[in-house]
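Novice: need coordinates for the below:
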Amino acid sequence: MEEIAEKAGSIKRIKLQNFMCHSSLIIELEDHVNFITGQNGSGKSAILTALCVAFGIKARGTQQASSLKDFIKNGCGCGSVSVDIKNEGEDAFKPPLYGKVITVERRITETTQTFCMKDEKGKKVAGKREDLQELLDHFNIEVDNPCVIMTQDKSREFLHAGSGKEKFKFYFKATLLQQVAELLMTIREKIENAAAVVEELKQEMVPFIEELKTLDEQIRNAQEIEEMAQQVGVLKKKLAWCWVYDTQKKLQLETQNLEKFQSRIPTCQRKIDEAEEVTKNVQEAIRLKQASIAGLLETSNQQRSSQNELQQALSLATREKAGLEEDLNNKQCQIARQMEQLQTLEQHVTEVRNHHVQDTQAEEAVRQEQFKKLNLNVEAAQCELRQIREEEANLQGQVDDINQQVNGIKLEMEELGAKLRDTQGYIRRLKSQQSNVMTTFGGDKVLKLLQTVEAQSRGFTCPPVGPLGSHTALVGNDKWSLAIEVAVGKLLNAFIVTNQKDMLLLRKCAQWSNYGYVQIIIYDFDRPPLQLPPHLLPDPSLRTVMSVLQSDNHVVMNVLVDQGSIERQVLAKDYNEGKLIAFGNSHLSNNVKEVLTADGIKLFSRNGSETILNRDRRVQGRLGVHVGHQLETAEVEASALQETIHSAENRKRAAADSAHNFQMRLQAMKRRRQDFQRNITGLELQLRDMQNAAQAESDMNVEPDVNELEGEISKAKEGIQANEDMLVKLTFSLQRAQEKVDAAKLVLMHSGSQQEGTLKPPRVLPDICEAEKAVENLHKELEETTGKASQVCPEEEVTGLGGVDKSPQEYSIILCRLQDRVRREERNNEPLEDLENKRQKIERRVVKKELTYKNLKGKLELLDGTYQIQLKKFQKNAIRLRQQLTWQFNGHLQKKGFSGSVKVDYSTETLSLEVQMPQDVSDSAVRDTRALSGGERSYSTLSFALALHEMTEAPFRAMDEFDVFMDAISRKISLDTVVDFAVQQGSQWIFITPHDISSVKAGPFVRKQQMSAPCP
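Specialist: Model prediction:
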């Protein structure tokens, strides 16, 4: 056997000091196959446990102890584990730093535990867990992977794994698919969280974009007003000269008509002369046509003779076609006679065979009676099985209904929990308001901001006013408090300053006070209270937001009017009244921007679209609210919510208990169904055996001699085939003859049409036109309109403006409409310069946010695309691993004469092993390994484990008690199998077993070590 090259990362030596049952133990290991044997209690399993502890696994991960200090030998104060790893070859880990051997040492005391990494000289190089993880990643050592280290407990769990889900977990973890799947799931969650953040950023832009659209519309209106004012002046000038041009057109038209009437006499004379000339030409043309007709008659005679020849050719082709049709009919009759002869022969053969069958009917009747009884038994069992399945389906439906009820209760509890958290937050805010009313509008941060503003008061041109809610009061009780909050709630936290300088200083004060965002409104404090025209306000019978608010500072009310439109926001008692006002299309809807109900519902209409916004449960009224009363109500509501949640928990617990009971009944029904299925399978096997016996008996019967008749049938079929071939040839010849007939008819028809076309005489259609116009003089009217237009503006100015392209009446209508619109729009719009300044500020903010959103969205789409690619690769690799696992598993089973396959279902997360025993004559595979004997099950499971080992890479592998529950023959085959497999793999293997391994011979690649017997 050729020498196998060493791999870096293999274990050279393991040292144990005061660890578990060992005071001092040193294990030297071979580079390839190592067997460690010993009696139970000799401390074999402690070797693999020490290996796991040295490589950083937690105590619970070893399934041997709950704490590392439990591994210290009784009576000792500390213990240690040391592992020497070879570090030679191309895959060496930092060879200049560590050399040819890396020592990983872990020391354990009652209170602490430390580990370090040393070079080949014993000098400490690293002592951090990150350094150890880097070493493990470099050598691809997955301590948690059962294909790398399979401890005693993992071996027994694996060998006793009965359910498909447990086998699937083992496979999923061993092939590292679990690690990749968890990583992909984490990435998916992070992408979804990032998408939610990006979407929130997009939603933050919506108010600014809406405000920007509103400003754009206002700017367009202002620009249109200026353009319309300029158009009014232009239209006045064009209208004056339009009357002049209109008179000139009339004058020119009448002058042309006059000239036509004057030139009428000579034109008529000329037409008479032309008519006489035309008469002479017509007579000459008649003479020429008569001569042409004589020539055409001669040509017609020639074409008639040609037509007769074509007619003869057509007759010949028709006769040829008729002969071919007659031959075709003869062949068809001959084929029909041969078919009748063939049917007679086949009927004769059938009669001979039927006569033979009648002799065996008596025996067949007895056999059919047995089949009938057995089929009746199978049908009865299947009928009962269907009833069991129906009961099972009903139980499954009840389990699903109860689970759905549990899920519904969970959703209800989540909603109640969210509502309880909102109420508790509201209670905290109310308690804060009890200590200081100012915190109602901005929280505790507003107090710090006001203190900072007071300290910087000298820097302000005028002291800022705010928050607006502290300067505003609600008239009457708190009935409209929630409606006011929905209408102008955002403005109640705002501050007012008088110029840009004060706004910047207030913004700095907010930063110094850690006030994240404060709304600042610039407004002229010297502006008097706004006087609103009655025709711009809603109907006086309606109650507006402005009518229920009052403030000692008129600047606050002016801002609420300008920014919040409180004069056009109407209050309604309930939804029906609000709907009538907002969407009633009556005089009550005039000048109404929004309608707000007492319970916080907002209704409005925009561009014919009706919108209804329900109340956000997080919004609570602040103006005019009695804090103590609201606090009591909120606490009562919170207590009621807690009781409701407690009741929901009780209902959920009862439903879960009921689901458990139904699940137990369902499991019992499934076991009963499986028993019936096994009984039915036995009956079906018995029925199939009887069918096979009947088939074998029928195969032994001698068939009647019908060879001579079958020979005649074959000859008859050959004759029919020959005649059918001839029939195809005749059909082809008939088609060619038909094509000749069609071609002759086409030539004949073309000849006739050409002759008829030659004899058609040309036709000429003359057209005659006459017109009469009258002339009038308009010079006087032209002089009057020209004089009036010259007083308005020179004619050159109108020409420079594009001239006149409409009638005077159209210009008059357009001018009146523009003048009315200009007067109306000037009353309702702000100056264009102010609007453009506002728009520039908001546009800069929107552009910045859009740029950030696009960058984040692009990166997120790129990440999602990469994730989808990786997910597809993961799915493809999972399918390839499943196929590879089946091939390797079957290959290992064949060494013992077995065969089998592995069924992996990723959707249900189940894995099943199918094993075919060589002594099983029924050819049915065993799908549950628990149905096998102990040795067969252990060998099948070992084959599955070795198949997984072939799919993973590691510098060493360790297996403890892999050969339990095997008989002597299975153990010998298993030992030979694992040794051959380990040598072929080329990596280091450590096998631990309490059984006799004398059948394994030591050699250059195999090393056996015997552990000392335990002390009595």
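
Novice: please pull out the lowest mean pLDDT helix or strand from this structure.
Specialist: helix 707-758 (a mean of 61; mean pLDDT, DSSP states H and E).

Novice: pLDDT at the closest residue in space to Ser999 that isn't next to it in sequence, what is it?
Specialist: Beyond its immediate neighbours in the sequence, the residue positioned closest to Ser999 (CB to CB, 6 or more residues apart in numbering) is Lys972, lying 5.1 Å away. Using the backbone N, CA and C atoms, a C-beta is placed for each residue, glycine as well. We have a pLDDT of 76 for Lys972.

Novice: would you mark the buried spots in the helix or strand where Lys972 lies?
Specialist: Applying DSSP states H and E as the criterion places Lys972 in helix 968-985. Buried residues in helix 968-985, counted by 16 or more other CB atoms under 10 Å: 970-975, 977-979, 981-983, 985.

Novice: closest one of the residues you listed to Pro146?
Specialist: Nearest to Pro146 among the buried residues of helix 968-985 is Val978, at 15.2 Å by CB to CB.

Novice: wait, the closest one sits on Ser943?
Specialist: No. Counting by CB atoms under 8 Å, Val978 stays clear of Ser943, with 10.3 Å between them.

Novice: excluding its backbone neighbours, what's nearest His892?
Specialist: Ser943 (3.7 Å).

Novice: pretty sure the one you found contacts Trp887?
Specialist: No. Counting by CB under 8 Å, Ser943 stays clear of Trp887, with 11.9 Å between them.

Novice: so these two - more neighbours on which side?
Specialist: Ser943 (26 against 12; other CB atoms under 10 Å).

Novice: OK, contacts around the more buried one?
Specialist: Contacts for Ser943 (CB atoms under 8 Å, 6 or more residues apart in numbering) come out as 889, 892-893, 898, 900, 977.

Novice: name the helix or strand for it, please.
Specialist: Going by DSSP H and E, Ser943 is part of helix 934-950.

Novice: so after that helix, what's the next helix or strand?
Specialist: Using DSSP H and E, the helix or strand that follows helix 934-950 towards the C-terminus is strand 956-960.

Novice: packing partners for that following strand?
Specialist: Applying 3 or more CB pairs under 8 Å, 6 or more residues apart in numbering; DSSP states H and E, we find strand 956-960 packed against helix 45-54, strand 149-150, helix 152-159, strand 988-993.

Novice: export these to a markdown table and append columns for mean pLDDT and mean neighbour count.
Specialist: Below are the helices and strands packed on strand 956-960 laid out as a markdown table (pLDDT from 0 to 100; neighbours: other CB atoms under 10 Å):
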| stretch | mean pLDDT | mean neighbour count |
| --- | --- | --- |
| helix 45-54 | 86 | 24 |
| strand 149-150 | 81 | 24 |
| helix 152-159 | 64 | 18 |
| strand 988-993 | 85 | 23 |
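
Novice: columns distance to Leu835 on top of these, output as JSON lines?
Specialist: What follows is the helices and strands packed on strand 956-960, written out as JSON lines (distance: least, CB to CB, whole Å):
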{"stretch": "helix 45-54", "distance to Leu835": "74"}
{"stretch": "strand 149-150", "distance to Leu835": "75"}
{"stretch": "helix 152-159", "distance to Leu835": "76"}
{"stretch": "strand 988-993", "distance to Leu835": "81"}
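
Novice: which stretch among the ones you listed comes nearest Asp539?
Specialist: The nearest among the helices and strands packed on strand 956-960, by CB to CB, is helix 152-159 at 81.5 Å.

Novice: elements contacting whichever helix or strand comes after that closest one?
Specialist: Later in the chain than helix 152-159, the nearest helix or strand by DSSP H and E is helix 164-174. Helices and strands touching helix 164-174, by 3+ CB pairs under 8 Å, 6+ apart, are helix 177-262, strand 899-905, strand 910-916, helix 934-950.

Novice: weakest of the ones you listed in terms of mean pLDDT?
Specialist: helix 934-950 has the lowest average pLDDT among the helices and strands packed on helix 164-174, namely a mean of 72.

Novice: give the rounded mean pLDDT of the helix or strand hosting Met664.
Specialist: Assigned by DSSP H and E, Met664 belongs to helix 627-700. Mean pLDDT, helix 627-700: 78.

Novice: tell me where the stretch 801-950 of the chain has helices.
Specialist: Secondary structure of the stretch 801-950 of the chain, counting by DSSP state H, counting those that start in this stretch: helices at 808-828, 832-894, 934-950.

Novice: closest one to Ala365 among those?
Specialist: helix 934-950 (45.1 Å).

Novice: how far off strand 899-905 does that closest one point, in degrees?
Specialist: Between helix 934-950 and strand 899-905, the angle comes out at 60 degrees (axes from the mean of the first three to the mean of the last three CA atoms, to 10 degrees).

Novice: how far is helix 934-950 from where the chain is centred?
Specialist: Its chain's average C-alpha position is 41 Å from that of helix 934-950, according to CA atoms, centre = their mean, to the nearest Å.

Novice: do stretch 195-207 as well
Specialist: Put simply, stretch 195-207 sits 20 Å off its chain's centre (CA atoms, centre = their mean).

Novice: may I have it as CSV, with CA atoms only?
Specialist: What follows is stretch 195-207, C-alpha atoms only, in CSV (Å, rounded to 0.1, in the frame of the first residue of the first chain):
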residue,chain,number,x,y,z
ALA,A,195,-36.0,47.2,4.1
ALA,A,196,-38.3,48.3,6.9
VAL,A,197,-35.8,51.1,7.8
VAL,A,198,-35.6,52.2,4.2
GLU,A,199,-39.3,52.2,3.9
GLU,A,200,-39.6,54.3,7.0
LEU,A,201,-37.2,56.8,5.4
LYS,A,202,-39.4,56.9,2.3
GLN,A,203,-42.5,57.5,4.5
GLU,A,204,-40.7,60.4,6.2
MET,A,205,-40.4,62.1,2.8
VAL,A,206,-44.1,61.9,2.1
PRO,A,207,-45.2,65.0,4.2
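
Novice: how about it: buried residues?
Specialist: 195, 198, 205.

Novice: ok, of these, which one's closest to Lys1008?
Specialist: Ala195 (59.7 Å).

Novice: Pro207 and Arg617, how far apart?
Specialist: Separation of Pro207 from Arg617 (CB to CB, to the nearest Å): 21 Å.

Novice: what do you get for Asn650?
Specialist: 25 Å.

Novice: then Glu961?
Specialist: Separation of Glu961 from Arg617 (CB to CB) stands at 62 Å.

Novice: can you check Gly800 too?
Specialist: In terms of CB to CB, Gly800 sits 66 Å off from Arg617.

Novice: ok, Glu88 next?
Specialist: For Glu88, the distance to Arg617 - CB to CB - is 69 Å.

Novice: more crowded one of the two?
Specialist: Glu88 (15 against 12).

Novice: Provide the secondary structure category for the more buried one.
Specialist: Following DSSP: H, G, I helix; E, B strand; the rest coil, we place Glu88 in the coil state.

Novice: that one is in contact with Ile102, isn't it?
Specialist: No. The criterion here is CB under 8 Å, and Glu88 misses it with Ile102 at 10.6 Å.

Novice: can you map out the helices along the stretch 351-500 of the chain?
Specialist: 361-435, 444-455, 481-488, 500-512.

Novice: which SS state does the residue lying closest to Pro955 once chain neighbours are set aside fall under?
Specialist: Of all residues not flanking Pro955 in the chain, Gly9 sits nearest, at 3.0 Å (CB to CB, 6+ apart). The local conformation at Gly9, judged by three-state DSSP, is coil.
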